[in-house]
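Student: From the sequence below, what's the structure:
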Amino acid sequence: MKSLQEFKEFFNQVMMPDLEALDKRRKTVVKRSLLIILFTLLALLLATVIYLSMDASKQDNNSVFYFILIIAVIIITAIIFGNSWARDKTFYTDFKQQVIEPIVKFVSPDLTYEPKNYVGSDSFQRSRIFLNRVDRYSGDDMVHGKVDKTQIWFSEIKAEYKTTTTDNKGRRRTRWHTIFKGLFFIADFNKHFQTSTVVLPNRLGKGFLADFFKKMNFSRREKLVKLEDPGFNKYFVVYGEDQVEARYVLSTSLMHRITEFREKHPNHLYISFVNSFLYIAIAYTKDLFEPSYFKKLTRFSLVQEYFEDIQLAVSIVEELNLNNRIWTKQ
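Tutor: This next block holds a predicted model:
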């Protein structure tokens, strides 16, 4: 696994020329945007001053209408002009090709990066981590390939479901609810098992009442599995179709590795073992691999975030010891 110091050297020696060129483009977009905002504000101020300087007796309904019309024209013109003059249409595409792709290749040359692709909704639903109906599904930034002998896939995804309500006047309102947003990871676990085991964040804590409500999870066909690992139980609750197989899958050493991983990364972590595949979902509120026009691209601390996000996903293979081929598929 590549170290942060190795990446810093790669950043300075290989990435810096492309980052400097991209940062100049970023600054141009910001400057043009600020100029458009400034001229728009000045035009709005001038229109307001002219309107207020009119004789009060002449400020009838027609003058109010024309004043509002002029304000609307100024704003619409600024938006159209800004979109064509200030916007850099290829900035995001070039950023991903010149920044994210080199980082992926630096982490592992056996990985392939596809910025417009993502893990499919069928894989998301097969994981049995989230049981909600998925009405809208999107994603990007797919990375796939082999880490040693383990085949992996991961991407950023967002899954949502909708609810529709009708008020007492017959008006319908649709609301979208996020099921999951973050990094979704799949690996060939290379361990043969027949039933599903799901590891979820322990949101209820411990105690009699907590255990009672955990058992009352009727939405799942899997049943609560009690494991004798206090450190693991602090962070996670486990459901499995087969108690014996769940304990077989979640060995003492594997639970220890999952606990260590969770202690390093405070984001909500979900894991499942279904049909000989491992699924991991790591929740994020931010967009993972997107540039910001308001952050200097040549700052190492900013690019370091992208490296650590990708390294995090790839390091799961090592953290969970997936390459230790103790168990094999039958």
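
Student: Going by neighbour count, list what's buried in the host helix or strand of Ala313.
Tutor: Element membership for Ala313 (DSSP states H and E) is helix 300-319. By 16 or more other C-beta atoms under 10 Å, the buried positions in helix 300-319 come out as 303-304, 306-307, 309-317, 319. Yep, even glycine has a C-beta here, placed from its N, CA and C like the rest.

Student: tell me the domain boundaries of the protein?
Tutor: According to automatic domain parsing, the chain comprises the domains 4-85, 91-319.

Student: Helices of the stretch 1-150 of the chain, start to end?
Tutor: 4-10, 16-53, 61-85, 91-95, 101-107, 121-126 (DSSP state H, counting those that start in this stretch).

Student: and those helices, which one is worst for confidence?
Tutor: By mean pLDDT, the lowest-scoring of the helices of the stretch 1-150 of the chain turns out to be helix 61-85, with a mean of 77.

Student: And the contacts of that one?
Tutor: Applying C-beta atoms under 8 Å, 6 or more residues apart in numbering, the contact partners of helix 61-85 are Arg32, Ser33, Ile36, Ile37, Phe39, Thr40, Ala43, Leu44, Ala47, Tyr51, Met54.

Student: Burial check on the first one, number of neighbours?
Tutor: Arg32 sits with 16 neighbouring residues when counted by other C-beta atoms under 10 Å.

Student: And it, how far from Asn83?
Tutor: As defined by C-beta to C-beta, to the nearest Å, Arg32 lies at a distance of 11 Å from Asn83.

Student: same check, this time on the second one
Tutor: From Ser33 over to Asn83 the distance is 10 Å, taken as C-beta to C-beta.

Student: Those two: who's more crowded?
Tutor: Ser33 (15 against 11).

Student: element containing Lys158?
Tutor: Counting by DSSP H and E, Lys158 is found in strand 150-166.

Student: What is the very next helix or strand once past that strand packed up against?
Tutor: With elements assigned by DSSP H and E, the helix or strand that comes after strand 150-166 is strand 172-188. Packed against strand 172-188, as judged by 3 or more C-beta pairs under 8 Å, 6 or more residues apart in numbering; DSSP states H and E, are the following elements: helix 121-126, strand 150-166, strand 277-283, helix 300-319.

Student: returning to what we had before: for the helices of the stretch 1-150 of the chain, which one sits closest to Gly170?
Tutor: Closest to Gly170 of the helices of the stretch 1-150 of the chain, according to C-beta to C-beta: helix 61-85, at 31.9 Å.
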